[in-house]
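Asker: please find the sequence and the predicted model below.
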Amino acid sequence: MSVAKVLEISASSTVSSDDAVKQGIAKAAETVHGITAAWVQDTQVVVENSKVTEWRVNLKITFVLE
């Protein structure tokens, strides 16, 4: 039997929302082992001078407990 836990994090990128997701998962993987899935719960953008300057995502990351 395995038991999983869900961790909620926020990540941002000046490149894209996809990059924010990748950076968030990579950073979480530095201390959380056994990540099996991630769900993008929410996406926001920062707008300056009518241009998107930053993407922000809220992620729910699932990992299996050892």
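Answerer: Received the coordinates, thanks.

Asker: wait, a strand at Lys5?
Answerer: Yes: assessed by DSSP: H, G, I helix; E, B strand; the rest coil, Lys5 belongs to a strand.

Asker: okay, and the beta partners of the nearest residue to Lys27 once chain neighbours are set aside?
Answerer: Setting aside the residues directly before and after it, Lys27 is nearest to Ala11 in space (C-beta to C-beta, 6 or more residues apart in numbering), at 7.0 Å. Quick note: C-beta positions are derived from backbone N, CA and C, even for glycine. Assessed by DSSP bridges, Ala11 has beta-bridge partners Val57.

Asker: how about Leu7?
Answerer: Assigned bridge partners for Leu7, using DSSP bridges, are Ile61.

Asker: which ones are touching the residue nearest to Lys27?
Answerer: Neighbouring residues of Ala11 by C-beta atoms under 8 Å, 6 or more residues apart in numbering: Ala20, Val21, Gln23, Gly24, Lys27, Arg56, Val57, Leu59.

Asker: how near is it to Met1?
Answerer: 31 Å (C-beta to C-beta, to the nearest Å).

Asker: and Thr62, by the same measure?
Answerer: 16 Å.

Asker: which strands or helices does the helix or strand harbouring Trp55 pack on?
Answerer: Trp55 is part of strand 51-64 when elements are defined by DSSP states H and E. Packing contacts for strand 51-64, counted by 3 or more C-beta pairs under 8 Å, 6 or more residues apart in numbering; DSSP states H and E, involve strand 4-13, helix 17-29, strand 35-48.

Asker: now tabulate the ones you listed in CSV and tack on distance to Glu66 and mean pLDDT.
Answerer: Converted to CSV, the helices and strands packed on strand 51-64 look like this (distance: least, C-beta to C-beta, whole Å; pLDDT from 0 to 100):
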stretch, distance to Glu66, mean pLDDT
strand 4-13, 11, 97
helix 17-29, 15, 98
strand 35-48, 13, 97
